[in-house]
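Undergrad: pasting the sequence and the predicted coordinates here, then a few questions.
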Protein chains: 2
Amino acid sequence: MGQTKGLHIAVVGATGAVGQQMIRTLESRDLAISKITFLSSARSAGSKVQFKDNEYIVQEAKPESFEGVDIALFSAGGSVSKELAPEAVKRGAIVIDNTSAFRMDENIPLVVPEVNEYDLKNHNGIIANPNCSTIQMVVALEPVRQKYGLKKVIVSTYQAVSGAGAAAIQELKEQAQAILNGDSYEPSVLPVKSEPKHYQIAFNAIPQIDKFTENGFTYEEMKMINETKKIMHMPELQVAATCVRLPVETGHSESVYFEINSSGVSSSEIKELLKASPGIVLQDDPENQLYPMPAYSVGKNDVFVGRIRKDIDEDHGFHMWVVSDNLLKGAAWNSVQIAESLVKLGLVKN
Amino acid sequence: MGQTKGLHIAVVGATGAVGQQMIRTLESRDLAISKITFLSSARSAGSKVQFKDNEYIVQEAKPESFEGVDIALFSAGGSVSKELAPEAVKRGAIVIDNTSAFRMDENIPLVVPEVNEYDLKNHNGIIANPNCSTIQMVVALEPVRQKYGLKKVIVSTYQAVSGAGAAAIQELKEQAQAILNGDSYEPSVLPVKSEPKHYQIAFNAIPQIDKFTENGFTYEEMKMINETKKIMHMPELQVAATCVRLPVETGHSESVYFEINSSGVSSSEIKELLKASPGIVLQDDPENQLYPMPAYSVGKNDVFVGRIRKDIDEDHGFHMWVVSDNLLKGAAWNSVQIAESLVKLGLVKN
């Protein structure tokens, strides 16, 4: 690649729900790309994908696939990342990994550019992209932390099925149609495909995302707790999460209560602060019924924040409602944004 | 009525979503009924309703309609209650009102039998039935308050459209079908029929239930805050709420964080306590994926509680997930249960 100015990008998991959004995001951005390679598991190899005006055949991802690759965007499941990300790094690529495989590894930066872009400087080849529900929350909390200090966060999520992949989207649609028809439908994907029990998601809410850990929280909830502390470099931050799957195709919503260190701060001050902060679109005008909603956030890279209110009893407490497209800022866009940050900071050798 | 042993019951708003559930609930219970009268607005008068094996013609509710009535169950909107409940009381009836018309009136008891049945003794003819989302929460919190003391509650709700009436149910179904077909559909009911803007509810989440108050909270949220304090007789309780409408037909869910006064309490102790408490069914076995869900709670009178976890950082803090049929315990069943309590306590003269 030395002679050209553009990057050789590889997309691993090109046929998945997130991979498809990565392709669309790469098409829409200015990242100089000289070559692009689409990779997948053996199962999906041979599929065709469109990138700009060309058609590409998806290749099976193998260690040799990464020869000459500058940046590899991984989104093909944790086991693929564990096996192939080190192989890609060995061959000189920087890996931006969208799975949970390396997120809590202390030698691997976990990055949301609006929050901790500076952590990219310490990467050792692999950079982890956080969990979708974590990303949108920390984008909204970071300006608050910087200005007022942050003590405690309690979040309840309203998560879309696309976070569980294309099969979950299909299940929601087919099941909704069956219920509207008065037909029966046997759930087989949600809440967790590999778990023994599956439940109706259409016209329902399932308070389980990922499996349960021993303390009664799910892995999804523990990801939100641990990743938030790591990204914000606040091991002492008190974080609690309840994660719930909804019959929404795309767009995660979050009801977030947070306590700051400063006293006497008004909700208007929080609104002004977030309005001026990167990556955030403030949608907060109750009088005109303006607040974020998932169905109206699809296809947008921003984190939408609204319903900001000061707690009635606790001077340090505030409530807000945070919505974002879980496939974009929650996954594809945050990954591509990391790639753009690497270029901007001169961290990509090519 | 003096000669008979049964009660003359009037159902006001007999044709509505809650009224229909009241009829079904009265059919299934043992309340001795000697006569039943079905009333409604002029608009719905003349409709037919089934009760047990008989068909009844719904009459327009007028002051005279309440002559000889022992208990009148009102669920026809706040303005009907404000006008006719005093007329019913004047004629000797006890009114159990399911609207928000009298809930915060300090001379009117606001009752959830599992929590404050004793307040019925102080009634002056009208008894208010709390808001649906409040009822299920206080049923789950009251045993905790009694045993460990209660300091703070932060709730995020996941509310079904049937709380907004039959038109909202129809809108959800028609809109879901239109979206599945790829057709357009103009929302006209949710979030609030009388508000200028209406939003898609199918495959979406709307963080507005009822109108907004000046402090940025909605009336629904303020109902949860104020009614909880009144029912539990705890003006000092710290309560905050975020209320969200979901594409669920029936069944409200709530993610509840609460802080108790006692130290060193385990989540197992909270589970054991709630398992043995009235009106509650504990569904809390993460290993076997057992937790409450709205679609599986429809048609049941119970409040289902699960996902009970101790907060990781706060020794006094706990999380739980509370689900109930909003038309039953949230409305019809709680009203009929109040009627049963009145009989049990000897408070109905007949």
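TA: Ah, there it is.

Undergrad: residues touching residue A:282, list them.
TA: A:271, A:274-275, A:305-306 (CB atoms under 8 Å, 6 or more residues apart in numbering or on different chains). Any C-beta I mention is one placed from the backbone N, CA and C, and that applies to glycine too.

Undergrad: who wins on neighbours among the residues you listed?
TA: residue A:305 (29 neighbours; other CB atoms under 10 Å in any protein chain shown).

Undergrad: name the helix or strand for it, please.
TA: strand A:303-310 (DSSP states H and E).

Undergrad: paired strands for that strand, with orientation please.
TA: Using DSSP bridges, the strands paired with strand A:303-310 in its sheet are strand A:280-282 (parallel), strand A:317-324 (antiparallel).

Undergrad: okay, it in CSV with CA atoms only?
TA: Provided in CSV are the C-alpha atoms of strand A:303-310 (Å, rounded to 0.1, in the frame of the first residue of the first chain):
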residue,chain,number,x,y,z
VAL,A,303,-27.2,10.6,19.7
PHE,A,304,-30.5,12.3,20.4
VAL,A,305,-31.1,13.6,23.9
GLY,A,306,-34.3,15.0,25.4
ARG,A,307,-36.7,14.9,28.4
ILE,A,308,-34.0,16.5,30.5
ARG,A,309,-35.4,17.2,34.0
LYS,A,310,-33.9,18.0,37.3
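
Undergrad: tell me how far that strand is from the chain's mean position?
TA: Computed by CA atoms, centre = their mean, to the nearest Å, the chain-centroid distance of strand A:303-310 equals 19 Å.

Undergrad: how about a markdown table for the strands paired with strand A:303-310, with mean pLDDT added?
TA: Shown next, in a markdown table, are those (pLDDT from 0 to 100):
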| stretch | mean pLDDT |
| --- | --- |
| strand A:280-282 | 98 |
| strand A:317-324 | 98 |
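
Undergrad: which stretches of chain A aren't confidently modelled?
TA: Flagging of chain A using pLDDT under 70 yields the residue ranges A:1-4, A:350.

Undergrad: could I get the full set of helices for it?
TA: Per DSSP state H, chain A carries helices over the ranges A:17-28, A:78-90, A:113-116, A:132-148, A:166-181, A:219-231, A:267-275, A:333-344.

Undergrad: so who does residue A:87 touch?
TA: Residue A:87 sits next to A:63, A:66 when contact means CB under 8 Å, 6+ apart.

Undergrad: measure it to residue A:12 for me?
TA: 11 Å (CB to CB, to the nearest Å).

Undergrad: quick one: closest of the helices of chain A to residue A:57.
TA: helix A:17-28 (13.9 Å; CB to CB).

Undergrad: and that closest one with chain B, contact?
TA: No - using CB under 8 Å from any CB of the partner chain, helix A:17-28 stays clear of chain B, with a minimum separation of 15.7 Å.

Undergrad: how close does the residue in the stretch 51-200 of chain A that chain B sits nearest to sit to residue B:229?
TA: Chain B sits closest to residue A:156 of the stretch 51-200 of chain A, with a gap of 3.8 Å, by CB to the nearest CB. Distance of residue A:156 to residue B:229, given as CB to CB: 21 Å.

Undergrad: ends of stretch A:57-70, how far apart?
TA: 20 Å (CA to CA, to the nearest Å).

Undergrad: can you point out the buried residues in it?
TA: A:58-59, A:61, A:65-66, A:69-70 (16 or more other CB atoms under 10 Å in any protein chain shown).

Undergrad: could you measure residue A:189 against residue B:57, distance?
TA: 49 Å.

Undergrad: same deal with residue A:183?
TA: In terms of CB to CB, residue A:183 sits 36 Å off from residue B:57.

Undergrad: list the contacts of residue A:184.
TA: residue A:178.

Undergrad: contact residues of the stretch 101-250 of chain A facing chain B?
TA: A:152, A:154, A:156, A:158, A:172-173, A:176-177, A:180, A:191, A:195-197, A:199-200, A:203-208, A:212, A:215-218, A:225, A:238-240, A:242, A:244, A:246-249.

Undergrad: narrow the residues you listed to those that are buried.
TA: Of those, these count as buried by 16+ other CB under 10 Å: A:152, A:154, A:156, A:158, A:172-173, A:176-177, A:191, A:199-200, A:203-208, A:212, A:216-218, A:225, A:238-240, A:242, A:244, A:246-249.

Undergrad: rewinding a little: nearest to residue A:318, out of the helices of chain A?
TA: Nearest of the helices of chain A (CB to CB): helix A:267-275, 5.8 Å.

Undergrad: anything in that closest one near chain B?
TA: Yes - using CB under 8 Å from any CB, we find that helix A:267-275 touches chain B at residue A:267.

Undergrad: that helix to strand A:303-310, inter-axis angle?
TA: Counting by axes from the mean of the first three to the mean of the last three CA atoms, to 10 degrees, helix A:267-275 points 170 degrees away from the direction of strand A:303-310.

Undergrad: so which elements touch helix A:267-275?
TA: Applying 3 or more CB pairs under 8 Å, 6 or more residues apart in numbering or on different chains; DSSP states H and E, we find helix A:267-275 packed against helix A:132-148, strand A:280-282, strand A:303-310, strand A:317-324.

Undergrad: what's the angle from the third one to helix B:219-231?
TA: I take that to be strand A:303-310. Going by the same axes, to 10 degrees, strand A:303-310 makes 40 degrees with helix B:219-231.

Undergrad: for stretch A:156-166, what is the distance to the chain centroid?
TA: With CA atoms, centre = their mean as the basis, stretch A:156-166 stands 11 Å off its chain's centre.

Undergrad: okay, it in PDB with CA atoms only?
TA: Coordinates of the C-alpha atoms in stretch A:156-166 are reproduced here as PDB (Å, rounded to 0.1, in the frame of the first residue of the first chain):
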ATOM      1  CA  SER A 156     -33.200   1.400  32.000                       C
ATOM      2  CA  THR A 157     -32.900   0.600  28.400                       C
ATOM      3  CA  TYR A 158     -35.500   0.100  25.600                       C
ATOM      4  CA  GLN A 159     -33.500  -1.800  23.000                       C
ATOM      5  CA  ALA A 160     -34.300  -2.700  19.400                       C
ATOM      6  CA  VAL A 161     -34.200  -6.200  18.000                       C
ATOM      7  CA  SER A 162     -31.600  -5.400  15.300                       C
ATOM      8  CA  GLY A 163     -29.000  -5.500  18.100                       C
ATOM      9  CA  ALA A 164     -29.600  -9.300  18.100                       C
ATOM     10  CA  GLY A 165     -29.000  -9.500  14.300                       C
ATOM     11  CA  ALA A 166     -30.900 -10.000  11.100                       C
END
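
Undergrad: tell me the most buried of the strands paired with strand A:303-310?
TA: Counting by mean count of other CB atoms under 10 Å in any protein chain shown, strand A:317-324 has the highest mean neighbour count of the strands paired with strand A:303-310, with a mean of 26.

Undergrad: need the contact partners of that strand.
TA: So strand A:317-324 is contacted by A:135-137, A:139-140, A:144, A:251-260, A:267, A:270, A:291-294, A:297, A:302-311, A:330, B:207, B:240, B:242 (CB under 8 Å, 6+ apart).

Undergrad: so which residues on the stretch 251-350 of chain A come close to chain B?
TA: Within the stretch 251-350 of chain A, the positions adjacent to chain B are A:251, A:253, A:255, A:257, A:267, A:286-289, A:291-296, A:306-314, A:317, A:319, A:321 by CB under 8 Å from any CB.

Undergrad: for PyMOL, what selects the buried ones among these?
TA: Those of those that count as buried under 16+ other CB under 10 Å are selected in PyMOL with:
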select buried, chain A and resi 251+253+255+257+267+286+289+291+292+293+294+295+296+306+307+308+309+310+311+312+317+319+321
